[in-house]
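Enquirer: sequence plus predicted model, see below.
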Amino acid sequence: MTIASCIWIGVEYLATDVAVAALRQHRRSRQVFCGRLAVADDLRRAVNEQPSAPRADGLEPEWHDADAGTIIGGGLLSDLLRQRRPVEEVVLVLPPWDAPHHCGAIEALASPLAVSLEVPLEVPLEVTLDHARGFIERVAIGAAAAKAVMSAPASRGMTILSQPTTAGTALGAGLQALTETWVRIERPRWQQQRLQLNVMQPEAWLSERAETTP
């Protein structure tokens, strides 16, 4: 019997406690974690050290360095999903809604000269644009790759896990609204193939899986 896979995309944004708890909800599935592994060492170590993590019959957790926010990473993910069929579920972990601060720029703006001139601590435009572009590409590429390899009844569908913190900027609020609107409009097309498409916070996702997993 072929083992179904649960594909995680964007593990660099996945909280360690959520990953460990989620692993227990998919004991009979192959867990495939994808993302920028260079910044996910602690997560990887915590998951691999779990005594409840699957260790036999090809169920050891897999780790793949693939960034869904880039075209190259998206291509790697598409190939990986095809190789790991059947796919039970794809979980896309979103970055924070707001663009990250560029450390170098913040240090420069926080200098005594900047403070004396009352320069506001704002995110540089190039960081904002890169965040918005990568965010949208992450959703579009992840969904396209997932839908291409999924089929009912073997597949559940895709869940987009949002960060628990709310947006604090206009850009973040816009990306949040865009994601929620895209899911609402796209969901009927997935339902036609008897697949689910949802955007949820991690706690709600874990609660739902706990209720449906025997």
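Expert: Good, I have the coordinates.
Enquirer: all strands of this structure, in order?
Expert: 5-9, 30-35, 62-65, 87-93, 157-161, 196-200 (DSSP state E).
Enquirer: for this structure, which helix is longest?
Expert: The residue-count maximum for a helix in the chain (DSSP state H) belongs to helix 125-149.
Enquirer: hmm, who's touching that helix?
Expert: Contacting residues not belonging to helix 125-149 are listed as 7, 9-10, 68-71, 73-74, 77-78, 81-82, 85, 87, 90, 92, 94-95, 98-102, 105, 157-158, 160, 171, 175, 178-179, 182, 186, 190, 193, 195, 197 [Cβ atoms under 8 Å, 6 or more residues apart in numbering]. In short, each C-beta sits where N, CA and C put it, glycine included.
Enquirer: just the buried ones among those, please.
Expert: For the contacts of helix 125-149, a burial check counting by 16 or more other Cβ atoms under 10 Å picks out 7, 9-10, 68-70, 73-74, 77-78, 81, 87, 90, 92, 94-95, 98-99, 102, 157-158, 160, 171, 175, 179, 182, 190, 195, 197.
Enquirer: how far away is the nearest residue to Arg85 once chain neighbours are set aside from Leu80?
Expert: The shortest distance from Arg85 to any non-neighbouring residue, by Cβ to Cβ, 6 or more residues apart in numbering, is to Val149 (5.4 Å). Distance of Val149 to Leu80, given as Cβ to Cβ, to the nearest Å: 10 Å.
Enquirer: would you agree Thr159 is in contact with Gln201?
Expert: No: assessed by Cβ atoms under 8 Å, Thr159 is found out of contact with Gln201, at 10.5 Å.
Enquirer: can you give me the helices in the chain?
Expert: Along the chain, the segments classed as helices by DSSP H run 16-23, 41-48, 71-83, 103-109, 112-116, 125-149, 170-192, 202-212.
Enquirer: who are the contact partners of Pro153?
Expert: Contacts of Pro153 (Cβ under 8 Å, 6+ apart): Arg194.
Enquirer: got the phi/psi numbers for it?
Expert: When read as degrees, to the nearest 10, the backbone of Pro153 gives phi -90, psi 0.
Enquirer: any idea how far it is from Ala4?
Expert: Distance, Pro153 to Ala4, by Cβ to Cβ: 11 Å.
Enquirer: how about Trp205?
Expert: Trp205 is 18 Å from Ala4, by Cβ to Cβ.
Enquirer: one more: Gly142?
Expert: Taking Cβ to Cβ, one finds Gly142 at 18 Å from Ala4.
Enquirer: tell me the pLDDT of the residue most central in space within the chain.
Expert: Nearest to the mean C-alpha position of the chain, counting by Cα atoms, centre = their mean, stands Val93 at 1.7 Å. pLDDT, Val93: 95.
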